[in-house]
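K.L.:
here is my input, please return the structure:
(one chain, ligands or ions: 1)
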Amino acid sequence: MKQLLIVWHSMTGGAGQLARAVADGARAGDEPVVVRLQPARATTADDVLAADGYVFVAPENLASMSGVMKDFFDRIYYPSLDRINGRPYACVVCAGSDGSGAVRQIQRIATGLRLKEAAPARIVITHAQTPEAILAIKSIDPAELDQCRDLGAAFGAGLASGIF
Ligand SMILES: Cc1cc2nc3c(=O)[nH]c(=O)nc-3n(C[C@H](O)[C@H](O)[C@H](O)COP(=O)(O)O)c2cc1C
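P.N.:
Residues are numbered from 1 along each chain as shown. Next up is the predicted model:
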C-alpha cells in the first residue's frame, strides 16, 4: 500500500489542526493509503525515504517557514537528495496575514529535491495581528478544515491510484 507522510510543526495549534484535517481526509478516502502524521522534530530521512508522497504543514514565522520545519528540511535534504525524485507533494501554511514567504521556501526546497507539486499550495490566514492574538492558541475555521480534508482525500486517492 502507498504511504503518505504528513510532516507538520505548529507553535500555537493552527497548523496542527490543519495537518490533522489532511490526515483525516486521506484516511477517510475511498482508496486505501497508509497515512503517517509526524511532527517535524521527530521525522527523519528514513521516514522520508519510506514514503511515497508528502504533505508539509507549517506556520509562517517572520516571513519564513517556522524554524522547526526548516530544521526538518535541513536534516533530511542531503540524505534524501536524488532518492525521492518525482514523488508528489503538497504544502499548507498557517499564517497571520501573509504566508507567501513560507510557501516560496517550501516550494524551492521541494524543487531542489525534485518533488512534484501535486496540488496548489494552501495558505490559511488566522488574522492574528496583535502580539496577544498571535500568541493565543488558534481555532481554525471549520471551512478551512474541510478544505484540508478535501486535500488529504484527493492526495491520498491520487497516490493510491498512481495518477501522480
Ligand atoms: C514569531 C512569529 C512570527 C510570525 N511572523 C508571521 C509572518 O511573517 N507572517 C504572517 O502572516 N504571520 C506571522 N505570524 C503569525 C503566525 O503565522 C500565525 O499566528 C499562525 O497561526 C501560526 O501557526 P501555528 O498556530 O500553527 O503556530 C508569526 C507568529 C510568530 C509567533
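K.L.:
could you tell me which residues of this protein lie near the ligand?
P.N.:
The chain has residues 10-15, 59-63, 94-99, 126, 128, 134, 138 near the ligand, with proximity defined as Cβ under 6 Å from any ligand atom. Just so you know, the C-beta spots here come from the backbone N, C-alpha and C atoms, and that holds for glycine as well.
K.L.:
PyMOL command for the buried members of those residues?
P.N.:
Those of the residues of the chain next to the ligand that count as buried under 16 or more other Cβ atoms under 10 Å are selected in PyMOL with:
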select buried, resi 10+11+12+13+14+15+59+60+61+94+95+96+99+126+128+138
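K.L.:
now, which of the residues of the chain next to the ligand lie within strands?
P.N.:
With strands taken from DSSP state E, the overlap with the residues of the chain next to the ligand comprises 59-61, 94-95.
K.L.:
would you turn those into TSV with pLDDT?
P.N.:
Below are those laid out as TSV (pLDDT from 0 to 100):
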residue	pLDDT
Pro59	98
Glu60	98
Asn61	98
Cys94	98
Ala95	98
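K.L.:
what's the closest of the residues you listed to Ala42?
P.N.:
Of all those, Ala42 sits closest to Pro59, with 17.3 Å by Cβ to Cβ.
K.L.:
ok, that closest one to Lys138 distance?
P.N.:
Going from Pro59 to Lys138 by Cβ to Cβ, to the nearest Å gives 9 Å.
K.L.:
what strands flank the host helix or strand of Ala90, and is each parallel or antiparallel?
P.N.:
For Ala90, the host element (DSSP states H and E) is strand 88-95. Partners of strand 88-95 in the sheet, by DSSP bridges, are strand 53-61 (parallel), strand 116-117 (parallel), strand 122-125 (parallel).
K.L.:
is it true that Thr126 touches Gly96?
P.N.:
Yes: the pair Thr126 and Gly96 qualifies as a contact (Cβ atoms under 8 Å) at a distance of 5.7 Å.
K.L.:
partner residues bridging the spatially most central residue of the chain?
P.N.:
Nearest residue to the geometric centre of the chain (Cα atoms, centre = their mean): Phe56, 1.9 Å. The residues listed as beta-bridge partners of Phe56 by DSSP bridges are Val7, Cys91.
K.L.:
surely it is in contact with Cys91?
P.N.:
Yes: with contact defined as Cβ under 8 Å, Phe56 reaches Cys91; the gap is 4.5 Å.
K.L.:
touching both of those two, which residues are there?
P.N.:
106, 110 (Cβ atoms under 8 Å, 6 or more residues apart in numbering).
K.L.:
give me phi/psi at Val103?
P.N.:
With angles defined as degrees, to the nearest 10, Val103 sits at phi -60, psi -50.
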